[in-house]
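In: Can you look at this prediction? I've put the sequence above it.
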Amino acid sequence: MTMLSLLDAQLAFGDLPLLDRAQLAVGDGDRIGLIGRNGSGKSSLLNVIAGRLPLDGGEIKRRDGLRVALVEQEPELPAAHTLRESLLVRGGIEHMHDERERWRTEARLAEYLHRFGLDGHTNPAAASGGERKRGALALALALQPELLLLDEPTNHLDIDAIAQLESMLAQKGAPTSIVITHDRAFLDRVATRIVELDRGALRAYPGNYSDFERRRESELEAEDKAARRFDRFWAQEEAWIRKGIEARRTRNAGRVARLEQLRRERAARRERSGRIKLALDAGERSGKLVAELENVTKRFGERAVVRGFSSVIRRGDRIGLIGPNGAGKSTLLKLIVGALEPDSGTVRHGTNLQVAYFDQMREALDPDKTVAETIAPGSDWVEIAGVRKHVIGYLGDFLFPPRRAAAPVGTLSGGERNRLLLARLFAQPANLLVLDEPTNDLDIESLELLEQTLQEYEGTLLLVSHDRAFLDNVVTQTIAAEGGGVWKEYVGGYSDWLVQRPQEIPSPRERGEGEGRPTKAESPSPQPSPRKRGEGAKPKLGFKEQRELEALPGEIEALEREQSELTAAMSSADYHKRGADAIRADRARAAAIERLLAEKFDRWAALEEKAKAAG
């Protein structure tokens, strides 16, 4: 049964319509994957369906009393003392008239917070992006909507959290859902229908993303052939009308009218958006050895983030790092490239290394600089593989029109900032490429082009990503977090790691590492062993200590993000221009972060030890 339909929907911001007489029907039990190019209007469409944005024309029909919940790409949490209180306000739960229903909803919220590994007592102002997203997802599911709208739900989530969300959406009794995501593995597991928003039209395809790919390729080929036939016929008619006086004797009114119609159709035809043009300059060849790590250990306080890790990285290796948020992937990357010294063990680097580092924290871009200044400071030219190119033309390769070259970075969207980071990164030669979450905010077409570019890259690649399909398509080796600071190497990508990893070893989230804590769905609660007669009670964590313990991973993650951002800024080529005072302040803050991390890891280890003893 249809719960919602769009009829001749029209919506426009600027010159081109986002919805151009679009049609859509959503039925009970549908799980729709909504895809399309960045800027095509996907988020606007979700806001229309949620009733937050009116149509310019056409009609939207909803079943009477339809309950709809929308989780935005970057959820905003109302100010409150705790995460739970903030979510209660966001969901309007405290104002429910039916007291029993309010209690039931609060109980469901507590359950979903637990399943997503969240502490309801966390300060929402200090919550990470992943915690805010998981909190908003927990609230949406607790409200039991009939239609659930999710805008990029996998951004900021690690692989364990993504897999858990997949299970929730695909299980029997889950709400009907429309999901915007670039995660192809997610779409393959969850979607029963793919809807593409392309040039104002909505086209529906049965099945998952793999089914869509097969059908869409043949459709695009047919569309291109039809367009070429149209253009040839149109060109012939234009040539005929221009033949002059001799041809006018044979000219007839019907043919002239047909040509006018052809001209109108040609002018109205919307071509597909351009594609990013990526080219990587691997620079000079590095030595055969890139890095050799022998029995490397790195601790923060008593907690070992990396423990006794040994590896040899050679020229041309393509290595993916897998682990939950907070497991230490960024720390391991810094050890490999020499940005961080180990506490013990040795790291030896090869010769002639040229390193380029993609930082997932887009805030590292200077918001006051223009787009052109970010790419080519003090110059109008960039040089790629020995070929000089004007900065305007180079930015055009990354879908920035000339008028955007003078725009401040602070005005860019998330997708534009990501493309700008890639443009800046690829403007410098590098034989060691380090990419930390490069796929966020890229549409699927750009994502697949980035995959192809990396496959053809001749240098060495170190990649951190939670995109399982991207890992499978790009890397040939995997370094995975095994818990307790242990990292192990595997051959192949993410799917190969799933097959090879020891089955008896629980996932990092089940061990309570990273951002989340163990959940009911992931590991059964161990049964307490019977206490011997006369055995004294062991000391337990107090309420405040328990809250402190649960908050520490998020605090550590926030410090590590700040540390990563600061390191990237201090490593930039034009950092010296900031002035002596700013440089001294940055160095002082970097030292303070190092001290704070050590203190928090010490405290975490002490509380974990106390909790373990109490168990």
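Out: Thanks, I have the structure now.
In: Val434: what's it in contact with?
Out: Neighbour list for Val434: Leu333, Val337, Val355, Ala356, Tyr357, Phe358, Leu462 [criterion: Cβ atoms under 8 Å, 6 or more residues apart in numbering]. (Glycine included, C-beta is placed from N, CA and C.)
In: Tell me the one among those nearest to Asp183.
Out: Phe358 (18.8 Å; Cβ to Cβ).
In: wait, which of the contacts of Val434 is closest to Pro17?
Out: Among the contacts of Val434, and counting by Cβ to Cβ, the member closest to Pro17 is Phe358, at 34.4 Å.
In: List the residues that contact that closest one.
Out: Counting by Cβ under 8 Å, 6+ apart, Phe358 has contacts Leu421, Leu422, Leu425, Leu433, Val434, Leu435, Asp436, Pro438.
In: Can you give me the buried ones in stretch 21-39?
Out: Neighbour-count burial for stretch 21-39 flags 22, 24, 26, 30-39 (criterion: 16 or more other Cβ atoms under 10 Å).
In: An error on my part: the question was meant for stretch 412-426.
Out: For stretch 412-426, the neighbour count (16+ other Cβ under 10 Å) marks 412, 414-426 as buried.
In: So which of the contacts of Val434 wins on neighbours?
Out: When neighbours are counted by other Cβ atoms under 10 Å, Leu462 leads the contacts of Val434 with 25 neighbours.
In: what about the closest residue to it other than its chain neighbours, distance to Val464?
Out: Using Cβ to Cβ, 6 or more residues apart in numbering and skipping the chain neighbours, the partner closest in space to Leu462 is Val434 (4.7 Å). Val434 sits 8 Å away from Val464, going by Cβ to Cβ, to the nearest Å.
In: okay, and the common contacts of these two?
Out: With Cβ under 8 Å, 6+ apart as the test, Val434 and Val464 both reach Leu333.
In: you'd agree Leu202 is up against Arg21?
Out: No. Using Cβ atoms under 8 Å, Leu202 is not in contact with Arg21, being 9.9 Å away.
In: Tell me how far stretch 90-108 lies from the chain's centre.
Out: How far stretch 90-108 lies from its chain's middle: 32 Å, per Cα atoms, centre = their mean, to the nearest Å.
In: which of the residues in that stretch are buried?
Out: Quick answer for stretch 90-108 (16+ other Cβ under 10 Å): Arg90, Gly91, Ile93, Met96, Thr105, Glu106, Arg108.
In: so can I have TSV of those residues showing distance to Arg115, pLDDT and secondary structure?
Out: Formatted as TSV, the buried residues of stretch 90-108 follow (distance: Cβ to Cβ, whole Å; pLDDT from 0 to 100; DSSP: H, G, I helix; E, B strand; the rest coil):
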residue	distance to Arg115	pLDDT	secondary structure
Arg90	18	93	helix
Gly91	17	89	coil
Ile93	18	89	helix
Met96	22	87	coil
Thr105	15	92	helix
Glu106	15	91	helix
Arg108	10	92	helix
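In: Could I get these in TSV, plus columns for distance to Leu165?
Out: Below are those laid out as TSV (distance: Cβ to Cβ, whole Å):
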residue	distance to Leu165
Arg90	19
Gly91	18
Ile93	21
Met96	26
Thr105	20
Glu106	22
Arg108	16
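In: List phi and psi for Arg315.
Out: When read as degrees, to the nearest 10, the backbone of Arg315 gives phi -50, psi 130.
In: need the contact list for it.
Out: Taking Cβ under 8 Å, 6+ apart, we find Arg315 in contact with Arg285, Ser286, Gly287, Lys288, Leu289, Val290, Gly350, Asn431, Gly459, Thr460.
In: What's opposite the residue nearest to Leu462 in the beta bridge?
Out: Tyr357, Leu462 (DSSP bridges).
In: ok, now how distant is it from Ser86?
Out: For Val434, the distance to Ser86 (Cβ to Cβ) stands at 36 Å.
In: rewinding a little: just the buried residues out of the contacts of Arg315, in PyMOL syntax.
Out: Entered in PyMOL, the line below selects the buried ones among those, by 16+ other Cβ under 10 Å:
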select buried, resi 286+290+350+431+459+460
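In: what's the most distant pair in the contacts of Arg315?
Out: Going by Cβ to Cβ, the pair spanning those furthest: Leu289 and Gly459, at 13.9 Å.
In: is it true that Arg587 lies in a helix?
Out: Yes. Counting by DSSP: H, G, I helix; E, B strand; the rest coil, Arg587 is part of a helix.
In: can you pull the pLDDT of it?
Out: pLDDT, Arg587: 77.
In: same question, Gly492
Out: Checking the pLDDT column for Gly492, the value is 90.
In: hmm, back to that, give me the subset of the buried residues of stretch 21-39 that lies in helices.
Out: Applying DSSP state H to the buried residues of stretch 21-39, no entry is found in helices.
In: Restricted to strands, list those.
Out: Within the buried residues of stretch 21-39, residues falling in strands by DSSP state E are Ala22, Leu24, Val26, Arg31, Ile32, Gly33, Leu34, Ile35.
In: who's in contact with the fourth one?
Out: Okay, so that is Arg31. Applying Cβ under 8 Å, 6+ apart to Arg31 gives the contacts Leu169, Ala170, Ala174, Thr176, Ser177, Val179, Val190, Ala191, Thr192, Arg193.
In: Now the two most distant members of those residues.
Out: Ala174 and Arg193 (14.8 Å).
In: Mind checking which of the two has more residues around it?
Out: Arg193 (19 against 15).
In: With adjacent residues omitted, what lies nearest to the more buried one?
Out: Ile32 (5.1 Å).
In: pretty sure the one you found contacts Leu187?
Out: No. Using Cβ under 8 Å, Ile32 makes no contact with Leu187, being 10.0 Å away.
In: list residues touching both of these two?
Out: Listed contacts common to Ile32 and Leu187 are Val179, Ile194; contacts here mean Cβ under 8 Å, 6+ apart.
In: Flag the helix or strand of the chain with the lowest per-element mean pLDDT.
Out: helix 245-248 (a mean of 48; mean pLDDT, DSSP states H and E).
In: Flag the shaky bits of the stretch 401-550 of the chain, pLDDT-wise.
Out: Counting by pLDDT under 70, the ranges of the stretch 401-550 of the chain that qualify are 413-414, 503-541, 543.
In: just to revisit the earlier point, mind putting the contacts of Val434 into CSV with distance to Gly396?
Out: Below are those laid out as CSV (distance: Cβ to Cβ, whole Å):
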residue, distance to Gly396
Leu333, 32
Val337, 32
Val355, 27
Ala356, 21
Tyr357, 25
Phe358, 21
Leu462, 29
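In: where's the dip in pLDDT among the residues you listed?
Out: Within the set of these, pLDDT is lowest for Phe358 (76).
In: Could you pull up phi and psi at the residue most central in space within the chain?
Out: The centre of the chain sits closest to Asn440, judged by Cα atoms, centre = their mean, with a distance of 3.0 Å. The phi and psi values for Asn440, taken as degrees, to the nearest 10, are phi -60, psi 130.
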